[in-house]
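1. Got a sequence here, can you build the structure:
(one chain, ligands or ions: 1)
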Amino acid sequence: MKQKLVVLTGAGISAESGLQTFRDTDGLWEGYDVNEVATPQAWSKNPLLVQHFYNLRRKACLEAQPNAAHKALVELEARYDVVIITQNIDNLHERAGSSRVVHLHGIITKAQSSADPYLIYDIEGWELKMGAKCEKGSQLRPHIVWFGEPVPMIETAADLASRAHIFMVIGTSLAVYPAASLIHYVSHTSEKIIIDPKIPPVQGLTNLEVVAEKAGTGVPKVVKQLLSR
Ligand code: APR
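-> Numbering: from 1, shown residues only. You can find the predicted model right below:
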């Protein structure tokens with residue numbers, strides 16, 4: 001039986017594809033106030049601004065290409081039972097070819113009804129317009145988990161983390177909960193590997209290896225090593 005390898009990714013894995021991270025010096029949250037664009041309150045107050053913000057994100061995601069890190073993770077599937085848990089709203093893991101991807105914070109290529117979050121639709125192209133409605137007649141909003149909203153996939157993710165033999169963390173500051181707590185669901189006997197040029201502060205973890213490198217070089221290196229075992 002293949003070993004279970006679970007990967008938690010954040011904005012850093014897509015940085016070398018040209019997508020901005022959130023909390024680095026040139027990060028998105030330097031240019032935008034989170035409360036004005038990524039909360040249910042923002043949507044009530046200024047839906048046009050929120051749509052515009054996510055339309056720009058969608059355009060950038062569609063133009064971006066998977067990089068060496070996304071691609072290397074696909075190779076792991078030959079040898080391991082791999083699941084990727086991503087905080088990213090881009091679809092670069094899927095486009096690289098990864099077969100099991102759990103999106104904790106939603107995905108930019110889909111819309112959801114503002115009245116019923118279970119009514120989800122694909123978006124054609126980069127623009128979601130005001131006036132686009134769900135089948136019940138409510139305005140469509142981006143299928144994104146905003147600050148202050150529940151994270152529906154967190155239980156699935158925690159269960160996956162608790163059963164992982166190997167848990168990799170790539171390109172996340174681990175500043176946002178509940179995603180940041182996932183590493184603490186991993187068994188103390190399981191191997192943990194963090195790849196990030198700026199290793200996030202984690203305490204009390206056993207069996208931890210840190211690779212202080214960019215994803216584009218660090219991930220292929222770690223993958224090669226995991227495949228040669
Ligand atoms: N390779 C790997 N890691 C990188 C690279 C790179 N080339 N460039 C930057 N990083 C790392 C940074 O060192 C940092 O640890 O990526 C991380 C980015 O952190 P954040 O900007 O906080 O992004 P993330 O952790 O994904 O944010 C979590 O916050 O705003 C919300 O919902 C949003 O999903 C997002 C969540």
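2. What values do phi and psi take at the closest residue to residue 23 other than its chain neighbours?
-> In this structure, residue 23 finds its nearest non-sequential neighbour in residue 173, 5.2 Å apart by Cβ to Cβ, 6 or more residues apart in numbering. Quick note: C-beta positions are derived from backbone N, CA and C, even for glycine. Torsion angles at residue 173 (phi, psi; degrees, to the nearest 10) stand at phi -80, psi -10.
3. what's the answer for residue 152, then?
-> Dihedral angles (degrees, to the nearest 10) for residue 152: phi -60, psi -30.
4. Skip the chain neighbours and tell me the closest residue to it.
-> Residue 152 sits nearest to residue 145 (Cβ to Cβ, 6+ apart), 7.7 Å away.
5. Give me the pLDDT value at the one you found.
-> If you check residue 145, the pLDDT there is 98.
6. just residue 126 next, same as before
-> Residue 126 is assigned a predicted lDDT (pLDDT) of 97.
7. for it, what are its contacts?
-> By Cβ atoms under 8 Å, 6 or more residues apart in numbering, the contact set of residue 126 is 55, 58-59, 62.
8. Strands along the protein, start to end?
-> Applying DSSP state E to the chain gives strands spanning 4-9, 81-86, 101-103, 106-113, 120-122, 140-144, 166-170, 191-195, 208-211.
9. Could you dump those strands into CSV with mean neighbour count and distance to the ligand added?
-> Formatted as CSV, these follow (neighbours: other Cβ atoms under 10 Å; distance: least, Cβ to the nearest ligand atom, whole Å):
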stretch, mean neighbour count, distance to the ligand
strand 4-9, 25, 8
strand 81-86, 24, 8
strand 101-103, 20, 10
strand 106-113, 21, 9
strand 120-122, 13, 18
strand 140-144, 22, 8
strand 166-170, 24, 6
strand 191-195, 22, 7
strand 208-211, 16, 10
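10. Extract the C-alpha set from the lowest-mean-pLDDT helix or strand in the chain and format it as CSV.
-> Counting by mean pLDDT, DSSP states H and E, the weakest-scoring helix or strand in the chain turns out to be helix 28-31, with a mean of 87. Presented in CSV, the C-alpha positions along helix 28-31 are these (Å, rounded to 0.1, in the frame of the first residue of the first chain):
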residue,chain,number,x,y,z
LEU,A,28,-1.7,41.8,-1.9
TRP,A,29,-2.7,42.9,1.5
GLU,A,30,-0.2,45.8,1.3
GLY,A,31,-2.2,47.3,-1.5
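11. Hmm, residue 36 is touching residue 47, no?
-> No. At 11.8 Å, residue 36 does not count as touching residue 47 under the criterion of Cβ atoms under 8 Å.
12. Tell me the residues on this structure that lie near the ligand, please.
-> 10-12, 15-16, 21-24, 27, 87, 105, 171-173, 175-176, 196-198, 200, 214-215 (Cβ under 6 Å from any ligand atom).
13. if we can go back for a sec, residues of the least confident helix or strand of the chain that come out buried?
-> residue 28 (16 or more other Cβ atoms under 10 Å).
14. For stretch 134-146, measure first residue to last.
-> One end of stretch 134-146 sits 19 Å from the other (Cα to Cα, to the nearest Å).
15. Contacts for that stretch next, please.
-> Against stretch 134-146 from outside (Cβ under 8 Å, 6+ apart): 38-40, 42-43, 47, 50-51, 54, 58, 89, 104-108, 110-116, 119-121, 128, 130-133, 151-152.
16. again, only using 6 Å
-> Under the criterion Cβ atoms under 6 Å, 6 or more residues apart in numbering, residues 38-40, 54, 89, 105-107, 110-115, 119-120, 132, 151 lie in contact with stretch 134-146.
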